[in-house]
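Trainee: Build the 3D model from these lines:
(chains A and B)
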Protein chains: 2
Amino acid sequence: MSDSRIASYVDANATRFLDELKDLLRIPSISTLPEHAQDMQRAGQFLVDQLQQRVGLAQSGLIATAGHPLVYAESAMDPARPTVLIYGHYDVQPVDPIELWHSPPFEPTIVGERIRARGAVDDKGPTMAVIKALETLHQTGGLPVNVRVLLEGEEECGGAAIAAYVQSHAAELHADCALVLDTGMIAPDQPTMTYGLRGILYCEIIATGASHDLHSGVYGGIGPNPLQALAWVLADLKGRDGRIAIPGLYEQIRPLSALERAALARQSDDMARRLAAAAGLSELPGETGYNVAERASARPSFEVHGIRGGFTGEGVKTVIPATATAKVSLRLVPDQMPDTVLAQLQARVRELAPPAVTMEVRLIHGGDAIVFSPDAPILRAAATALEEEFGRPAEFVREGGSIPVVALFDSLLHLPVVMLGFSLPDDSVHAPNESFFVPNYYAAIRSVAGFLSNLGRTR
Amino acid sequence: MSDSRIASYVDANATRFLDELKDLLRIPSISTLPEHAQDMQRAGQFLVDQLQQRVGLAQSGLIATAGHPLVYAESAMDPARPTVLIYGHYDVQPVDPIELWHSPPFEPTIVGERIRARGAVDDKGPTMAVIKALETLHQTGGLPVNVRVLLEGEEECGGAAIAAYVQSHAAELHADCALVLDTGMIAPDQPTMTYGLRGILYCEIIATGASHDLHSGVYGGIGPNPLQALAWVLADLKGRDGRIAIPGLYEQIRPLSALERAALARQSDDMARRLAAAAGLSELPGETGYNVAERASARPSFEVHGIRGGFTGEGVKTVIPATATAKVSLRLVPDQMPDTVLAQLQARVRELAPPAVTMEVRLIHGGDAIVFSPDAPILRAAATALEEEFGRPAEFVREGGSIPVVALFDSLLHLPVVMLGFSLPDDSVHAPNESFFVPNYYAAIRSVAGFLSNLGRTR
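Mentor: From the prediction side, this is the model:
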């Protein structure tokens, strides 16, 4: 049984594994800032060297793109073994506000059981954990599966390069599943597998009244006001009971299984407590009749993100704007299709527009909801590895947001995606003093190695 | 009878009167632009010279202020005669977009029966018309009333100087009435007297949810959304029937007299046609049960001017803002007091705030509604002069906006204010190619001279 060999190798190399993560964390690979372009190259090359020298993947290199390079590596392909497409990203968020950091963001600092640095947990730690898992397997009997490693440097700035690459190389990226390490654990010690993501429909509602801005001294009480019209329409689209009042919207929702509903009920109180505390709230309002976990992941949402038009500066301007625009989104759940919901929203907004105001709904972005079967053998293999590592069963969760690369692998490569997450709620992702719980680094290494071993045994 | 002498003097001096207006129009006295500070001085001095040399008011001069100078002149004070405080302004709006002007804005150009220049009708033409009326009276038997002439150079940039001056010199500005020439005629050939103005309550409604901005991937469906909360509250504050749903709001309204209601009914269709056309609309929506003229001047209005918070740029950002602010105003009618309405609005908004969102209403600016009795002898004297000039009775109107200097004279000096207006709906006030209908220049001169003559005879 390989488990003890894996654990022994990780133990024996624990210090070096952490040192090599520190080396990567010292490279300020901030993808949105042009002055860090050379750092992006350095970080990419560091990973190529790791894959070549530590994992023995001779076929490793940087792939030039219109933006920052992709890292690609593959093992020899044994047709008898399953193939796994492994994803991570080596770019990080900017560090502002820098004055809130307790140590320099690119000088990795050990504080208790944590390692603090920008990118520690998002996503250099998990990415290095996969590489160290591959190294461990390589050194303890060889890789049990074929791997394709594809790491991007633009996750924090739009992901254009990987989207273009996957689109144009779909056939060459053939695999049996994908492994994405960029999610979280719902609580310390609670292994977590994300098996579903909400989709999104992001739109603008454009309200137009008069041919030019009006003055409320003349037109107050007689002129159409697109801002007031948007208030009426937004209030009618979502009531105070949290129900989205778009006919047909709820009819397309795939019902939850009894098991899913039970899991959400089990998770909801903790989740509500944690998310309320993080937002400084004593309650989390929303659709009546559903608990917080359901509302956050398994129910569609309707949110207003901004309203443009008129005057929002300091002081007084009595303008009635000719036009006003609301940016809104719906988070979607299976089987709500963005196109269908867009048409439903457009029809409803047309009905709700008041006299003398025209309203148009313009699509900005749409993405499908995704849900993988928790019972699929590939997800079970991952869950087993997590349970072996943590000593308790993995909790299966659906997340409320979307992960573009998962949508990409799903829609273009038609792969089941295993999402293993090791970040904790208090890791300060995207914030000052980002850190990674070091025991989770080693847990991730062992879990991924265990998962790939389990997967190798499924054939 | 002085009327024929007035008419003869105006006829005999018509060309010079227009030439002197052109001289004033050539001075680019744009009060908001610091580079025109010297032009402001020149324009003020031009008017001082006119008042001294043409009207014979030895007591004329510029009054230095923290901003642009005031022009002040007064006649000898005969206690047997009524005293009139005369107001006008010599500053003008900027000229942008300059490329839309058909002739240079500070080269007055005669086009048909119009004189085109920035400030032609707002307010250099009417201001010069008063001075020429005073000259005419001075040259045809002497001024029939005592006058104080107070002209400002900051009407287009806030009016701070005149407000401070009137406040600190209220006793010295004692008069029986004020005369303000800065309003309009509802149609060509229809003499118009404005006898009422709406007040205003301008506020911000500040909605606060979480302690920091949230992401709809995590909080969509469970987090409080201040923008959605504002939509609910704004929709509840004013229904689709145009009624303002603030308890007690309509109870304080002074009922219209039968005569006022009849006048508004008579004016409404024309007004609706004109204002709809000017705004590119086929209808003017608003409170059910009231015609357009009533809604625009004699009913309170509630308008949203802007909503700040969240993301309004191009593209996608799925933020749920921690806070959002709506700028709103109510136009008020007698006897609605801003303080009372503010308290009513605050109480109502508190009631309407949804769970997990706090709402605060912050006062930005308040101003009382004003209505003068159309039957007061001073207003009748003005109406008679207009009827003599135009050959038809003046229409008495209430305007939907407010005029700060009228509120100032009303609240600090407690004067009835005669508002005589000679601008026409198509004069392009504040817009490119502003012009003044030249026959109205002479009509204004004769009307003001006639009014002051009538006023002199009331004692």
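Trainee: Chain A - how does it break down into domains?
Mentor: Domain assignment for chain A, taken from automatic domain parsing, gives A:2-197+A:369-457, A:199-253+A:300-367.
Trainee: give me every residue that touches the closest residue to chain B within the stretch 251-400 of chain A.
Mentor: Nearest residue of the stretch 251-400 of chain A to chain B (C-beta to the nearest C-beta) works out as A:G280 at 2.9 Å. Bear in mind the C-beta positions are built from the backbone N, C-alpha and C, glycine included. Residues in contact with A:G280 (C-beta atoms under 8 Å, 6 or more residues apart in numbering or on different chains) are B:210-212.
Trainee: A:L452 now?
Mentor: A:84, A:133-134, A:137, A:143-145, A:147.
Trainee: so how far is A:N146 from it?
Mentor: 10 Å (C-beta to C-beta, to the nearest Å).
Trainee: Could you pull out the residues contacting both of the two?
Mentor: Joint contacts of A:L452 and A:N146 (C-beta under 8 Å, 6+ apart) are A:V84.
Trainee: if we can go back for a sec, need the phi and psi values for the residue of the stretch 251-400 of chain A closest to chain B.
Mentor: Per-residue torsions, A:G280: phi 70, psi 30 (degrees, to the nearest 10).
Trainee: Now render the domains of chain A as TSV, adding mean pLDDT.
Mentor: Formatted as TSV, the domains of chain A follow (pLDDT from 0 to 100):
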stretch	mean pLDDT
domain A:2-197+A:369-457	95
domain A:199-253+A:300-367	96
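Trainee: where exactly do the helices run in chain A?
Mentor: A:2-12, A:14-25, A:37-49, A:125-139, A:160-168, A:216-219, A:226-237, A:258-278, A:292-297, A:338-352, A:377-390, A:404-408, A:438-457 (DSSP state H).
Trainee: export those to a markdown table and tack on distance to B:R16?
Mentor: Below are the helices of chain A laid out as a markdown table (distance: least, C-beta to C-beta, whole Å):
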| stretch | distance to B:R16 |
| --- | --- |
| helix A:2-12 | 102 |
| helix A:14-25 | 85 |
| helix A:37-49 | 73 |
| helix A:125-139 | 87 |
| helix A:160-168 | 72 |
| helix A:216-219 | 36 |
| helix A:226-237 | 50 |
| helix A:258-278 | 78 |
| helix A:292-297 | 79 |
| helix A:338-352 | 62 |
| helix A:377-390 | 95 |
| helix A:404-408 | 76 |
| helix A:438-457 | 92 |
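Trainee: quick revisit: output the contacts of A:G280 in CSV, with distance to chain A and neighbour count appended to each entry.
Mentor: CSV is the format used below for the contacts of A:G280 (distance: C-beta to the nearest C-beta, whole Å; neighbours: other C-beta atoms under 10 Å in any protein chain shown):
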residue, distance to chain A, neighbour count
B:A210, 4, 24
B:S211, 3, 13
B:H212, 7, 12
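Trainee: Can you tell me which residues in the stretch 351-459 of chain A are near chain B?
Mentor: A:354-356, A:364-365, A:399-402 (C-beta under 8 Å from any C-beta of the partner chain).
Trainee: Using PyMOL, define a selection of the buried residues within these.
Mentor: Of those, the buried ones go into a single PyMOL selection, burial set by 16 or more other C-beta atoms under 10 Å in any protein chain shown:
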select buried, chain A and resi 354+356+399+400+401+402
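Trainee: Format the residues of the stretch 351-459 of chain A next to chain B as JSON lines; extra columns: distance to B:V95.
Mentor: JSON lines is the format used below for those (distance: C-beta to C-beta, whole Å):
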{"residue": "A:P354", "distance to B:V95": "37"}
{"residue": "A:P355", "distance to B:V95": "37"}
{"residue": "A:A356", "distance to B:V95": "32"}
{"residue": "A:I364", "distance to B:V95": "38"}
{"residue": "A:H365", "distance to B:V95": "42"}
{"residue": "A:E399", "distance to B:V95": "56"}
{"residue": "A:G400", "distance to B:V95": "53"}
{"residue": "A:G401", "distance to B:V95": "51"}
{"residue": "A:S402", "distance to B:V95": "51"}
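Trainee: ok, of the residues of the stretch 351-459 of chain A next to chain B, which one's closest to B:L386?
Mentor: When those are ranked by distance to B:L386 (C-beta to C-beta), A:A356 comes first, at 34.8 Å.
Trainee: Identify the residues contacting that closest one.
Mentor: A:209, A:224, B:281-285.
Trainee: Of these, grab the buried ones for ChimeraX.
Mentor: Only the buried entries of those go into this ChimeraX selection, using 16+ other C-beta under 10 Å:
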select /A:209,224 /B:281,284,285
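Trainee: Dump the domains of chain A into CSV; add distance to B:P338 as well.
Mentor: As requested, the domains of chain A are exported to CSV (distance: least, C-beta to C-beta, whole Å):
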stretch, distance to B:P338
domain A:2-197+A:369-457, 41
domain A:199-253+A:300-367, 13
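Trainee: hmm, back to that, now, the residues of the stretch 351-459 of chain A next to chain B that are in strands?
Mentor: Among those, DSSP state E puts A:364-365, A:399 in strands.
Trainee: Pick the one among these closest to A:C157.
Mentor: A:H365 (16.0 Å).
Trainee: nearest to B:S428, of the helices of chain A?
Mentor: Closest among the helices of chain A, using C-beta to C-beta: helix A:216-219, at 14.8 Å.
Trainee: Is the closest one in proximity to chain B?
Mentor: Yes. If you take C-beta under 8 Å from any C-beta as the test, helix A:216-219 does meet chain B, through A:216-219.
Trainee: Does A:A235 touch B:A231 like I think?
Mentor: Yes. The pair A:A235 and B:A231 passes the contact test of C-beta atoms under 8 Å, sitting 4.8 Å apart.
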